[in-house]
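Chemist: Need coordinates for the following:
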Amino acid sequence: MAAVDRNGTVRFADSGQRQRAHAEDLAPLLRAALACGDPDLVATGRGPGAFTGLRVGLVAAQTLAWAREIPAVGVGSLDVVAQQSGLADGWAILDARRGEVFLAHYAAGQRTAEPQVLPRDTARELVGSEPVCGDQALLTDPDRRARGATALDASALAAVAVATAERVASGDQPDSLTPLYLRAPDVTWSAANKGAGS
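Modeler: Below is the predicted model:
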């Protein structure tokens, strides 16, 4: 979570330290950010990432934006990885679990296409010899249970949020607040329940 003033100065930046305590960690961070002043825009991560974390962040941002009657914009996780790594040209990669990675390509500091999720071997072939940042070690780790260790930096999130807000202010359409899950959910309706409630 970060609070940034209109000049782009980061007034507060911090993140929760517990992986499975999104809702519990968010409240004190939100209080600290709001203590810096009244916001005129809310930016929130829209993924790709874990289902619960994305939902908690999106709901909190949309609720704050509604309560304060201010706009809300979405920020891509891989854009933050590229920002905090100083990547201009190449690929940003995050662990997607299950032997897969989330990845997006960048040229001159701009994402060239929507993020995607691919098996590690397929991603390694696609990336080739281009520069890579984030969880790049997963592309060569033979252990498919290996986990990425890249954490999103709150200051980098703030920088991407400021750039997003500037684009929106100049007339660009804001990124959707729809979460980027990139793959089908694990849970599906059974054949017996598909007709229930219709």
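Chemist: wait, what's in contact with the residue sitting nearest the centre point of the chain?
Modeler: Centroid check for the chain by Cα atoms, centre = their mean gives residue 77 as the closest residue, at 2.5 Å. Residues counted as contacts of residue 77 (Cβ atoms under 8 Å, 6 or more residues apart in numbering) are 45-49, 94, 102, 115, 152, 180. Using the backbone N, CA and C atoms, a C-beta is placed for each residue, glycine as well.
Chemist: again with residue 60
Modeler: Residue 60 touches 26, 30, 44, counting by Cβ under 8 Å, 6+ apart.
Chemist: List the buried residues in the helix ranked longest in the chain.
Modeler: Longest helix in the chain by number of residues (criterion: DSSP state H): helix 51-68. Of the residues in helix 51-68, 53-54, 56-58, 60-61, 64-65 count as buried by neighbour count, 16 or more other Cβ atoms under 10 Å.
Chemist: rewinding a little: quick one: the residue nearest to the centre of the chain from residue 32, how far?
Modeler: From residue 77 across to residue 32, the span is 22 Å (Cβ to Cβ, to the nearest Å).
Chemist: give me the low-pLDDT residue ranges for this structure?
Modeler: Residues of the chain meeting the criterion pLDDT under 70: 1-8, 12-23, 174-175, 184-198.
Chemist: just to revisit the earlier point, could the contacts of residue 77 be laid out in JSON lines, adding neighbour count?
Modeler: Output for these, formatted as JSON lines (neighbours: other Cβ atoms under 10 Å):
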{"residue": "45", "neighbour count": "23"}
{"residue": "46", "neighbour count": "23"}
{"residue": "47", "neighbour count": "24"}
{"residue": "48", "neighbour count": "24"}
{"residue": "49", "neighbour count": "22"}
{"residue": "94", "neighbour count": "23"}
{"residue": "102", "neighbour count": "28"}
{"residue": "115", "neighbour count": "20"}
{"residue": "152", "neighbour count": "19"}
{"residue": "180", "neighbour count": "22"}
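Chemist: JSON lines for those residues, including secondary structure?
Modeler: Formatted as JSON lines, the contacts of residue 77 follow (DSSP: H, G, I helix; E, B strand; the rest coil):
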{"residue": "45", "secondary structure": "strand"}
{"residue": "46", "secondary structure": "strand"}
{"residue": "47", "secondary structure": "strand"}
{"residue": "48", "secondary structure": "coil"}
{"residue": "49", "secondary structure": "coil"}
{"residue": "94", "secondary structure": "strand"}
{"residue": "102", "secondary structure": "strand"}
{"residue": "115", "secondary structure": "coil"}
{"residue": "152", "secondary structure": "coil"}
{"residue": "180", "secondary structure": "coil"}
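Chemist: from those residues, which is closest to residue 167?
Modeler: residue 46 (15.0 Å; Cβ to Cβ).
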